[in-house]
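**Student:** Coordinates only, no sequence provided:
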């Protein structure tokens, strides 16, 4: 098996409206705060979705398995997009490999805060223009 999808984001210019929409549609609850970096969302506008609080049918305990964590975010000036993050051991190496394979780096690596073990994220566009995130530690 390859590297796992570890996080998703839904971004737009009006994150409060998006949170209301997805909260009503899917029953999601949000913990409002800051994104790992202001490049991802305006401060205070990141609505974190806890995957464990939103289990889905499956072969786990009680016939349910946890979903993945995610966020609904953005703010004025943020481009609407939906993306997922793949967990990687080295964000810079993953971005370089994406470029070598015909992708285009869009962001990163961006550390959440300086120091060892900090979350680091990056974005790249695949050869068709789809934007994908990678996440790991510094």
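**Tutor:** Cool, the structure landed. Everything quoted here is computed from the prediction, not taken from an experiment.

**Student:** got a list of contacts for stretch 124-134?
**Tutor:** When contacts are taken as Cβ atoms under 8 Å, 6 or more residues apart in numbering, the neighbours of stretch 124-134 outside the stretch itself are 7, 9, 81, 83-88, 91, 94-95, 98-99, 101-106, 108, 121-123. The way it works is simple: take the backbone N, C-alpha and C, and place the C-beta from them, glycine included.

**Student:** got the buried residues for it?
**Tutor:** For stretch 124-134, the neighbour count (16 or more other Cβ atoms under 10 Å) marks 124, 131, 132, 133, 134 as buried.

**Student:** first to last residue in it, what's the distance?
**Tutor:** Its first and final residues considered, stretch 124-134 spans 8 Å by Cα to Cα, to the nearest Å.

**Student:** pretty sure residue 80 contacts residue 13?
**Tutor:** Yes - between residue 80 and residue 13 a contact is recorded at 6.9 Å, counting by Cβ atoms under 8 Å.

**Student:** who touches both of those two?
**Tutor:** residue 74.

**Student:** Walk me through the domains of the protein.
**Tutor:** Taking automatic domain parsing as the domain assignment, the record places the domains of the chain at 5-82, 88-137.

**Student:** need these in a markdown table with mean pLDDT, can you?
**Tutor:** Formatted as a markdown table, those follow (pLDDT from 0 to 100):
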| stretch | mean pLDDT |
| --- | --- |
| domain 5-82 | 84 |
| domain 88-137 | 90 |
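
**Student:** Following the chain past the longest helix along the chain, name the next helix or strand.
**Tutor:** Criterion DSSP state H: the longest helix present in the chain is helix 15-26. Following helix 15-26 in sequence order, the next helix or strand is strand 31-33 (DSSP states H and E).
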